[in-house]
Structures are given as C-alpha cells and as structure tokens.
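> Return atomic coordinates for the entry below.
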Amino acid sequence: MLTVTTIIGNVKNNLDLNQKYKESLNKNTLETITIQRSETEKVRMRKVSDKETDVGFILPSRTHLRDGDVVFLDDTKMIIIKLSPELVAILNIKKNIAPPHKDDGGDSNKSNHDHDHDHDHDLTNVAIKVGHTIGNLHRPLKISDGNIIFPIQTPDEINLFLRLLSGLKDYVEIRTETLIFEPDQGFDIHAH
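Okay, here's the model as predicted:
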C-alpha cells in the first residue's frame with residue numbers, strides 16, 4: 001500500500017505539475033483516485049486508483065482535497081484526485097432586463113437616472129432575497145461567471161427553488177447541470 005501524507009500541488013494552478021500531468025497522460029502513467037465531495041476533508045482514508053494502486057491517506061488535519069491535487073509523483077507514475085461530478089442548480093440573476101414599469105405619478109419628466117437607480121435597487125433586492133433563500137437551506141455555494149451554483153439532490157428540487165423565488169421569476173433563471181462542484185472558500189460550511 002502506498003501512503004500519502006501530503007499534497008504535492010494541483011495540476012490546475014501549478015504549471016510544472018500541469019506539464020508533468022500532460023506527459024503522464026501521454027505516457028499512460030497517470031492514475032486517478034475518484035472521491036465524493038463529502039470525502040474532501042477526510043484526512044484518513046483508503047482508496048484504490050483506477051489502475052489498482054492501493055493508497056492510504058494520512059494527511060494533516062484541516063487538509064482539504066481538491067480536484068486535480070497530485071498525491072503521488074515519481075518517474076513511473078502520477079496519481080491525482082478526481083472529484084465525482086454531481087447534480088447542481090445554476091442560478092443567474094438576469095442583467096439585461098427592462099426595469100419594471102412603476103407608476104411615476106404622471107411625471108413624464110422622470111429622468112433615466114431615476115429609472116436606472118430604481119432598477120439597481122430592484123436588482124439589489126433580488127440578490128438579497130436569493131442569498132437569503134439559498135442561505136436558509138444551508139447550501140454550499142460557488143460563484144462563477146455571474147452564476148450562483150449549489151448542489152441539489154434531484155432535478156425536482158428546482159421546482160422548490162422556483163416556488164421559493166416565484167416573486168422573482170422576471171429576474172432569475174435557474175437550470176440544472178452535472179459537474180464537478182467545489183464551493184468557494186467561506187461558502188462551503190454553514191452552521192448555526
């Protein structure tokens with residue numbers, strides 16, 4: 001059994017390791033250990049790579065495994081961590097929507113600046129309501145390209161969010177996708 005006591009680095013943010021990853025992939029010496037997101041904080045575990053290498057993990061406390069982490073590297077092989085893809089909801093607050101028409105009391109001279117301010121105020125309210133709703137459900141979050149991404153158990157959960165956010169249907173789009181989910185730091189654990 002191979003024992004892993006430290007993470008060497010990550011192929012996604014280390015150019016040298018990324019180059020070695022590509023070389024190992026080309027030489028067919030790359031091995032992966034697939035884990036669930038729930039296992040990323042385990043400091044003691046035993047796994048088998050996709051090429052049958054038995055690996056025992058004895059990591060320092062507070063270690064957090066990430067997709068692409070290199071846990072073993074020598075002249076014969078590279079072993080990396082691969083997170084299992086999972087079902088997520090992807091919520092987007094629409095940016096290019098017309099502000100709702102408000103009765104301006106007949107003042108046809110209301111400036112575009114006032115309409116822009118109302119629209120910004122509405123979008124701020126939408127963001128707060130979305131954050132409050134997701135926060136109350138204690139979901140880890142990732143913010144990427146203006147999207148709010150969080151894990152769900154089934155596609156039917158989208159209906160729950162659509163109901164909870166029904167007053168915001170003109171401002172919010174939500175869809176599901178299966179992907180590797182890694183919450184942003186600070187948005188991964190939520191407890192009272």
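> Can you list the residue ranges for helices in this protein?
Ranges of helices within the chain are 15-27, 112-136, 157-164, based on DSSP state H.
> Any chance you could list what contacts stretch 57-71?
The contact list for stretch 57-71, computed with C-beta atoms under 8 Å, 6 or more residues apart in numbering, reads 3-12, 17, 21, 33, 35, 39-47, 55, 78-83, 180, 182. Every C-beta, even on glycine, is put in place using the N, C-alpha and C of the backbone.
> change it to 6 Å
Residues outside stretch 57-71 that contact it (C-beta atoms under 6 Å, 6 or more residues apart in numbering): 4-5, 7-12, 17, 40-41, 43-45, 79-81, 83, 180.
> Over to stretch 10-17?
Gly9, Asn18, Tyr21, Gly68, Asp69, Val70.
> Go ahead and measure how far that stretch is from the middle of the chain.
When C-alpha coordinates are averaged (C-alpha atoms, centre = their mean, to the nearest Å), stretch 10-17 and its chain have centres 20 Å apart.
> returning to what we had before: tell me which of the helices of the chain sits nearest to Lys142.
Proximity to Lys142 (C-beta to C-beta) singles out helix 112-136 among these, at 11.6 Å.
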